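Peer 1: return a 3D structure for these sequence lines:
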Amino acid sequence: MIQKTIELNSINPIDFYGANNSNIDKINDFFPKLKIIARGNKLKLIGEENLINQFEIKFNLFIDHYNKYNFLNKDSIENIILSDNSKLDFNDDVIVFGSNGKLIKARTNNQRKMVSSIEKNDLLFAIGPAGTGKTYTAVALAVRALKNKQVKRIVLTRPAVEAGENLGFLPGDLKEKLDPYLQPLYDALRDMLPISKLNDYLHSGIIQIAPLAFMRGRTLDNSFVILDEAQNTSINQMKMFLTRMGKTAKFLITGDETQIDLPKNQNSGLLESLKRLKKIKGISIIKLNEKDVIRHALVKKIIKAYNN
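Peer 2: Coordinates of the predicted model:
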């Protein structure tokens, strides 16, 4: 009989143990001859060496399951223990498994094009009206790249001035001023990551959300970078952003050509970049339309009416 301690480094102990240690109790049902003591972020195992080795194999699968699907419960534990390979086949449209196992899918043809295009190109423009899922799909692709260790961090940015409002005239400190503009990015992230992990990533800088002005002077390497609402960049801002690209970065730019909120005498950096960059190899441009709208059915008709 031997003793071994395993540390829970990549998972919140509460998520692993389950409510009232329900997950540990379930594991004990399958390993009755193995004494498992859960304290803090450590599991103490006491038992025969071969049993501990068997447990460690399943433990690694538990962690893999949690990292992929963002949840671990009694049913998933049972499936993993009873399954030979513990790998399930899922629809190819699934981009990432969100909070509580929610399936984040590419739901339209152009969203699928975004998925395939970012795998082949390092710079992708996703252009389309509101409600087409371009920002949501972009964030899902970034989270997938982070989970798959293709990048070390996610950087999300957007112009800080929209709809004619100047930050200087808004109350509060910088974070309070910026958060309303960045809310769609936070909302998408909350769908895709457990809140505790998201907070850890934000605190450690693995996920960074900042206004476009904060990109100046930086080189963004080993990063998946999303510029949202790019139609509201100036030509100089867009050029500045594009030239931040490091050697191993992925850049995904979203925008809506019909919702430019810049002053009338200022040209959109998005429109200018689309004209100048459309023939460069390694850059892809995907145009989404009303057929990609996944909001209320009326939104498709509204967009179509305004386009006519």
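
Peer 1: got a list of contacts for stretch 214-223?
Peer 2: 151-155, 157, 240-241, 244-251 (CB atoms under 8 Å, 6 or more residues apart in numbering). Glycine gets a C-beta too; all of them are placed from N, C-alpha and C.

Peer 1: buried among those residues? Make that a ChimeraX selection.
Peer 2: The ChimeraX selection below is limited to those of the contacts of stretch 214-223 classed as buried (16 or more other CB atoms under 10 Å):
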select :151,153,154,155,157,240,241,244,245,249,250,251
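
Peer 1: give the closest residue to residue 47 in space, chain neighbours not counted.
Peer 2: Distances taken as CB to CB, 6 or more residues apart in numbering put residue 34 closest to residue 47, at 4.0 Å, once the chain neighbours are dropped.

Peer 1: now the one you found: how far from residue 69?
Peer 2: 25 Å (CB to CB, to the nearest Å).

Peer 1: okay, these two: which has more neighbours?
Peer 2: The neighbour comparison of residue 34 against residue 69 (other CB atoms under 10 Å) goes to residue 69, with 19 against 16.

Peer 1: pull out the buried positions in the top helix by length along the chain.
Peer 2: The helix spanning the most residues in the chain, taking DSSP state H as the definition, is helix 49-69. By 16+ other CB under 10 Å, the buried positions in helix 49-69 come out as 51-52, 54-55, 58-59, 61-63, 65-66, 68-69.

Peer 1: stretch 104-121 too?
Peer 2: Neighbour count says stretch 104-121 has 104-106, 108, 110-115, 117-118, 121 buried, by 16+ other CB under 10 Å.

Peer 1: any idea how far residue 289 lies from residue 243?
Peer 2: For residue 289, the distance to residue 243 - CB to CB - is 30 Å.

Peer 1: show me which of the buried residues of helix 49-69 is closest to residue 226.
Peer 2: residue 68 (21.7 Å; CB to CB).

Peer 1: with adjacent residues omitted, what lies nearest to the closest one?
Peer 2: Spatially, and ignoring its direct neighbours in sequence, residue 68 is nearest to residue 97 (5.5 Å; CB to CB, 6+ apart).

Peer 1: if the one you found is in a bridge, with which residues?
Peer 2: residue 103 (DSSP bridges).

Peer 1: tell me if I'm right that it and residue 105 touch.
Peer 2: No: between residue 97 and residue 105 there is no contact under CB atoms under 8 Å: 10.3 Å.

Peer 1: hang on, isn't residue 74 packed against residue 24?
Peer 2: No: between residue 74 and residue 24 there is no contact under CB under 8 Å: 10.3 Å.
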